[in-house]
Each structure stands twice: as structure tokens, then as C-alpha cells.
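A.B. asks: Structure for the following, please:
(chains A, B, C and D)
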There are 2 protein chains.
Amino acid sequence: MVERLSKRGKNILQAVVSEYIATGEPVGSRTISKKQYLDLSAASIRNVMADIEEMGYLSQPHTSAGRIPTDRGLRYYVDCILTVRKLTKKEKQSIERTYRPQNLQLIDIMKETSSLLSNFSQYTGIIIAPKFGNMIFEQIEFVKLRKNQILAVFIPKAGTVRNKIIETEEELSQDELHKFTKYLNEILSDLSLKDVRKKIINEMKKEKNMCNWLLSQALRLSQEAFSSDMDDDVFIDGKFNIFDCPEFCDMEKVKTLFRAFEKKNILVKLLDQVIQGEGIQISIGTENQFQEMQECSIIASPYTWGEYASGTLGVIGPTRMNYCDIVPMVDYTARTVSKIMDAKYQ
Amino acid sequence: MVERLSKRGKNILQAVVSEYIATGEPVGSRTISKKQYLDLSAASIRNVMADIEEMGYLSQPHTSAGRIPTDRGLRYYVDCILTVRKLTKKEKQSIERTYRPQNLQLIDIMKETSSLLSNFSQYTGIIIAPKFGNMIFEQIEFVKLRKNQILAVFIPKAGTVRNKIIETEEELSQDELHKFTKYLNEILSDLSLKDVRKKIINEMKKEKNMCNWLLSQALRLSQEAFSSDMDDDVFIDGKFNIFDCPEFCDMEKVKTLFRAFEKKNILVKLLDQVIQGEGIQISIGTENQFQEMQECSIIASPYTWGEYASGTLGVIGPTRMNYCDIVPMVDYTARTVSKIMDAKYQ
DNA sequence: ATTAGCACTCAACATCAAAGAGTGCTAATG
DNA sequence: CATTAGCACTCTTTGATGTTGAGTGCTAAT
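C.D. replies: Modelled structure (predicted):
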């Protein structure tokens, strides 16, 4: 339940949050009154701050310290107070320039993006590649390696080519393999990988009866080729930037956070969970379910890729992040990535 | 210059080093005399320790503290005192079991090894894959993708299959591509990648005169295919184990070390530098040239791969590592990896 | 040659006082 | 009646001070 704040309350919460984001220290009433954000005496500000604290938006580390915003306070700030900065032309260009080079493969785009997000924010940049299962089938090739080994090369309509080595029981000639691929490339064309899997199983059922050795072999091979791991590709950059955040001066905290970074599945779940709707989504501190990450905020956005598939990108940093600057940056990066990928592979 | 130590001196240095490795704290004379390694009073030990300190093998953090071994002291210990433990049967089996699963690809072996080294040592495990340039050519395939795009699939005699997408100016038919590969597979067979590059350049010179369009196209394509980046593949695991070392409780140290871990080229140079001869090599603290790594020791060993190529593996940890246990483990791991790889691809 | 004994050094720890930042409450103010 | 100056109070931070204990080097006794 969100309690409403008076105009003045908002102003003061705003002042506390900005100051806290800038310094990382608890903010006192005097500090605010001096900075002429508002023309109020310290005493008046104290009164209001006490009210806001009662609502749960602020807290005091101890009696004689200033206030720091709670996660709820930051949430209120983000939802009801924050107006994000507009990016300058220069900044926009600098984002776009990242994708200027010709011949960027999907993997390059991912790497560049995570690095961009990290450099811009000075926190940790992360991007999850479009899900493997959503890739659209374009072509498969089988190359004979040694006696009983075949290399399957899967070429999606867009995205990274993947190889898989398959061991076979009987030896197959390159000629037979050509026939297989021709057949497969026909029946699987333009399906998503998920559908490819289904299709193969269906075809296999049909084949059972028809007993066509060639077809059933082809299907068996392709099934192996597509059984490959479904791990999401996660690209992460600037992990070590958090060393520079004063709130992570505690070894234990850093340790647990880094261990979390190592578990890619946590990151994937985290981002997936954050992204429900369209556009920028923000998760603040304890709002996410992962113990290890509850000192962090995540600013994330989905990016799209034609109608094919989509992934997620974002920035992970301390709850005291500069939302005002980072939100529009993440947003513009997501839009740019979407645009670039659409352009590259219609 | 290595100064010689008396029998007694050796015993005491040994005692100090063992104790220091076990506790990480400066070691006092009483501690040693109590532990009945030797039957000497604290006072006698003090005298000897003062001598050893003068030689530069021990140092005192401050007057009223015990001694810790210097890097030189550890070097002396490793060279002249240390007798490594023999691995138990169980330990050997546990190492071998890592490579038991069928169908391990090169990349799996690398991953498993780095993880093995890290788990066993409780420090950071690292392995550098055999250099790309040393791989032996087995086969190349060209797959037509879209109008002006060709996928080159390079299959080395052993090692990881690599793809490269090549943009061409003219459209080439799959039929032509087949001819290319047939030609290339013939002339390049069994060369190392380095030699492949040379050969292509030579052939191109010859071709210039003969003006055979087909051949010159094939050569141009293959040149592009093999121009790919020569980055060494580095597999590293257990980076975060060093959080548990008391000597890395200082944020700054951890920070610089991790930044070094991120720069793969430092790691490659470091390992390459350590490995000069055969067998286990050890670099202690300041013996290596990289500022960021001078609080660390590296225990490394080359591994071989038939006559084809070889790489390096090892453990990075604090100078106060358990050399006695880790040295034989690294050694046995290197031997096992060599054996496995030889068996897999003769 | 070895060692017990002793004076000495110095980090680590605890104790204590003072300083300073910030608060909440009350009474005065426009 | 909202605002604010003033003040007593709280609690962290800092620095000074003293104490403890581990460890040393030296000397004299064994």
C-alpha cells in the first residue's frame, strides 16, 4: 500500500534521496536546509522527516544520525517523484557509435552492449542473449569428420552458428548426409527451434510406420543436433566496479554478491523476473527474491528482435544508484540494440 | 646468490615455513620449540632465526612479532627443503575420474581441469588451451548462407571446431564451394595452422601468374577463414576462493588482483613465463614481473598433446600456499590431461 | 654450545573523555 | 497556526591513555 505524500513531503524525500545518492551518507536536516532546495528551516524539515519516517520511507541508522531512504522510500521516489534526465545528443551518438562497425556478429553485439552498459553506468552491465529456443531455423549442415563422427552445423536465421559433434553407430557417407540436410532444410524451414523439436518428434512418429531408413536416420541425427544445452548466454561486464561503491566495503557482502554473479541462472531468473511488461523495469533492493542481491537494484529493459525473439539487458548496482541518469541510458541502449538487430536481420 | 644453510638452519626454516603456511601468522621462537619438531629451547632457536633473517630468508613485521618467510626464504624452502607428498591412490583416481565421461570435447576437458585444479587446491585453477596456431589442419568446409555470405567451418585434427562468417563480393554457388574445399583439403592436409597461413600466401603468389579464377577464389576465402583472432583460450575457475585467504582481507589488494584476472593476456604471459623447461615450475611472489600478482605464487606445469601442441595449467594462490600438497597435484593433473588428450586424438 | 632469565619493544585491546552531528521537544514569533 | 530558534539529549567518532602479552636480543649461568 502506497501512502500519499504532501507536496512538501515529496520535495523533502526528493532532497534526501538525491543527497543520499550523491554521498552515500545519512542525510541530516541541516544539510538539506542549507542546500536551498527549499526555503525551510532545519526544524521544519525535521518535523516532516519524522512523518515520512513513520510512513516507512526513511530510516535512521541510529538516533543521532541523519536519515537514509528505505527500499520503499526509493520505490516511492522512482514511481512518483523521479523525472529522468533526457540524454544529450552526444550521449545518444556515443551509444549508437558502439554498433557502427560493420560485420558485428550477434556475439559481438552482446559483448559490446554489456561493456557499454557497464562503462556508462560505472556499475555492472548485463545482457542476456535471445533464447536459443526462439531462434528461427534457417539451415542445417552435416559434415563428415571421421568414421563415426559427424559435425552438425546449425545456422539460425539470425544469431550465432552452433556446432555439435555427433557420434553415430553406422558410418554415413557425405552423400547421404547431403540428402539428409536437403530433406531437413525443407521440412524445418522457418520454424522456431522449439517448434523444430516438436516437428522432429512428430515426423519420427510418422516415420516409424513408413520405415524409410534414410528419413529416420536424418531425423535421428537432427534430434541429436538439437538436443544441445539450452543454457542462456549471459554477458556481464564491469563486475569489479562494485569494489568502488562504499556500501560494498564489507568483504562478506562482496563475497556473496560475487558468488551470485557466478551463478548465471540466478542472473537469468532475476532479469526474467524483473521484466514483465514493456519498457524499463526497476527492482529495488529487497524487492527481488534473491538474498544475495538484496543490496542491489536492477534497472532492466527487454529488447526485441523483429518478431523472432527477445532478451533482456540492464544494469546492476547498489540501491543508491543514479536512477535519473541510468534509466534513460538503459532505455536508449535497449532501443538501439533492438533497432540494430532488426536492421541486421530482417 | 643462494647462501647455504646449516642442517639446523634448514630445520628451523622448515619449521617456520610450515607453521606460517598453516596459520598465516608470524611465527615465534616459542611456538617452534614447543611443537617438538626439534629439541631446542626457544633461545637457541632465536639465535638461529636471527642468522637466517640476516641472510634474507626471514623477516619481521615489527620488533615484537614473530618471523615470516620472505619470498627468497620460500624459494629456498621450495628448492632445497621441500619434499612433496606422494598422492594417495584415492586422490589419483579422483583426478582420473574427472576425465572418465565419454565424449568430452576439448572445451569440456579445459573446463573440467580448471575446476579440478581449483577444487583440489582451494585456490584459483587455470589452464590455457593449446595455441590455435599449433592446431593441425584436418578439414575445412564452406557453407553458403545468404547471397554474399559464406560460413567457413574449420575442423582441426583435434580441438574445437571454429566457425567464421565471410562476406564475399560475388555470389558463389554451393557447387563452387565444394570444389574449393576439395582443393584446399588436399593441399593443406596435416599442416599446422601456422604453416597453413604460409602455404596459402605462397600458393597465392603462384596463382597470380596462372590466373585460375577458381583457385584464387578458394585461396582468398581460406585466407579470410584463417585470419581469425589468435586469442588464447584461458579457462579459469575458483577466482573467488581467494576471498577466503586472510592475506587478502584488504580491499585494495583484492581489487587489483581481480583486475589482473580480467586481463587474460597477463595470465597468459604469466604462465608462459613461468614455463620454461619441463615439469612443474613455481613462481613465488615478486619473482614474477606483474605488479598485480606479486602477492601470489603460481605452480604451473606444461601439458602435451602428442606432438601437436601443448598448453599450460596451474594454480594461482597466495605465496603461503601448501606447496607440499599442491605441487604433486598439479603435476599429476598435467600428466593425466596429457594422457587423456593423447588417447583421444592420436 | 645451550639455555634460563630478564629488560625491552611494540601491536593490540580496552577504557575514557571530548567533540560533533543530528535529533525531538518546547516556547517564542510573525 | 505554521514556522523556527533554542536547548537538552543521544549516540557515533576520534583520540588519548594505560595495560597486556607476545616476542625479541642480550647476558650470564650451566
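
A.B. asks: Only C-alpha atoms from now on, for both contacts and neighbour counts.
C.D. replies: OK.

A.B. asks: Identify the residues contacting the host helix or strand of residue A:51?
C.D. replies: Element membership for residue A:51, per DSSP states H and E: helix A:42-55. If you take Cα atoms under 8 Å, 6 or more residues apart in numbering or on different chains as the criterion, helix A:42-55 is touched by A:3, A:9, A:12-13, A:29-30, A:32-33, A:58-59.

A.B. asks: Narrow the residues you listed to those in strands?
C.D. replies: Judged by DSSP state E, strands contain the following of these: A:58-59.

A.B. asks: By pLDDT, give me the weakest of the contacts of helix A:42-55.
C.D. replies: Across these, the bottom pLDDT score, 65, is held by residue A:3.

A.B. asks: Which ones among the contacts of helix A:42-55 also lie next to DNA strand C?
C.D. replies: Here is what survives when the contacts of helix A:42-55 are matched to DNA strand C using Cα under 7 Å from any atom of the strand: A:29-30.

A.B. asks: Give me the three-state assignment for residue A:154.
C.D. replies: strand (DSSP: H, G, I helix; E, B strand; the rest coil).

A.B. asks: So for it, what pLDDT did the model give?
C.D. replies: pLDDT at residue A:154 comes out at 91.

A.B. asks: ok, now residue A:45?
C.D. replies: 94.

A.B. asks: So what's the residue count around it?
C.D. replies: Per other Cα atoms under 10 Å in any protein chain shown, the neighbour tally for residue A:45 reads 21.

A.B. asks: on that earlier part again, nearest to residue A:84, out of the contacts of helix A:42-55: which one, please.
C.D. replies: Using Cα to Cα, residue A:13 comes nearest to residue A:84 of those, at 16.3 Å.

A.B. asks: From residue A:141, how far out is the spatially closest residue to residue A:226 that is not a sequence neighbour?
C.D. replies: If you skip the residues right next to it in sequence, residue A:226 has residue A:197 as its closest partner in space, 7.1 Å away by Cα to Cα, 6 or more residues apart in numbering or on different chains. According to Cα to Cα, to the nearest Å, residue A:197 and residue A:141 sit 17 Å apart.

A.B. asks: The two: which has the busier surroundings?
C.D. replies: Legend: neighbour count by other Cα under 10 Å for residue A:197 and residue A:141, higher for residue A:141 (21 against 17).

A.B. asks: which residues does residue A:218 contact?
C.D. replies: A:177, A:180-181, A:184.

A.B. asks: quick one: the helices in the stretch 51-200 of chain A?
C.D. replies: A:71-76, A:89-97, A:106-121, A:174-188, A:193-210 (DSSP state H, counting those that start in this stretch).

A.B. asks: Determine which stretch of those is the most buried.
C.D. replies: Highest mean neighbour count among those (mean count of other Cα atoms under 10 Å in any protein chain shown): helix A:71-76, with a mean of 22.

A.B. asks: quick revisit: I'd say the residue nearest to residue A:226 and residue A:220 touch.
C.D. replies: No. Residue A:197 lies out of contact with residue A:220 (Cα atoms under 8 Å); the separation is 11.4 Å.

A.B. asks: Quick check: nearest residue in space to residue A:241, chain neighbours excluded?
C.D. replies: Closest residue in space to residue A:241, ignoring its immediate chain neighbours: residue A:123 at 5.4 Å, by Cα to Cα, 6+ apart.

A.B. asks: need the contact list for residue A:130.
C.D. replies: Here residue A:130 is in contact with A:232, A:309-312 (Cα under 8 Å, 6+ apart).

A.B. asks: where's it relative to DNA strand D, distance?
C.D. replies: 46 Å (Cα to the nearest atom of the strand, to the nearest Å).

A.B. asks: Tell me the pLDDT of that residue.
C.D. replies: pLDDT at residue A:130 comes out at 88.

A.B. asks: Then residue A:146?
C.D. replies: The confidence metric pLDDT takes the value 81 at residue A:146.
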